[in-house]
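**Student:** After the sequence you'll find the predicted model.
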Amino acid sequence: MTAQGPSQPRRQGFTLVEVLVATVILATGLLGALTAFSMAARVSAVSNDDTLLVYLAQEKLAEIELLGREGLPAGSSWGDFGPEHPEYQWRLFVDMPDERNVVRVELAISFPEAGSTREVLFSTNAF
């Protein structure tokens with residue numbers, strides 16, 4: 001009978017299964033982070049478009065206000081916002097005065113968004 005020596009020392013390191021599990025967890029986390037960054041970039045772009053839209057609408061409505069009721073062109077007119085924003089189009093409709101002598105003014109601004117055209121309608125009254 002031979003004498004048994006001390007048991008063999010345990011090997012240091014990770015098993016293949018542990019490495020695979022860690023890789024899957026890391027890949028899942030990275031995929032989630034990339035998705036979050038992509039969504040944030042998309043939301044930021046939409047927010048910038050909406051901010052510009054409101055700015056252009058305020059600019060056009062200020063022009064309308066400066067014209068005064070008598071200077072408003074009757075019926076429909078349209079155009080764009082010049083070389084700075086040629087992709088943004090405006091359409092203006094000025095209604096006939098009602099019985100209280102109030103004129104309804106509708107301003108529609110359209111622009112390309114995600115392969116289609118988005119249109120936002122603003123309306124006000126001129127006295």
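**Tutor:** Noted; the coordinates are in hand.
**Student:** Could you tell me the per-residue confidence at the most centrally placed residue in the chain?
**Tutor:** The chain has V46 as the residue nearest its centroid, 0.9 Å off, counting by C-alpha atoms, centre = their mean. As predicted, V46 sits at a pLDDT of 80.
**Student:** can you check Q4 too?
**Tutor:** Q4 carries a pLDDT value of 63.
**Student:** CA atoms only: put stretch 115-127 into CSV for me.
**Tutor:** Coordinates of each C-alpha in stretch 115-127 appear next as CSV, following Å, rounded to 0.1, in the frame of the first residue of the first chain:
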residue,chain,number,x,y,z
GLY,A,115,-39.9,59.3,-45.0
SER,A,116,-43.3,61.0,-44.9
THR,A,117,-44.5,64.6,-44.5
ARG,A,118,-45.7,65.9,-41.1
GLU,A,119,-48.0,68.9,-41.0
VAL,A,120,-48.9,70.9,-37.9
LEU,A,121,-51.8,73.4,-37.9
PHE,A,122,-51.9,76.7,-36.0
SER,A,123,-54.9,78.9,-35.9
THR,A,124,-55.6,82.4,-34.5
ASN,A,125,-58.1,85.2,-34.9
ALA,A,126,-57.5,88.7,-36.2
PHE,A,127,-59.7,91.5,-34.9
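**Student:** May I see the buried residues of that stretch?
**Tutor:** For stretch 115-127, the neighbour count (16 or more other C-beta atoms under 10 Å) marks F122, A126 as buried. Where C-beta positions appear, they are placed from N, C-alpha and C, glycine not excepted.
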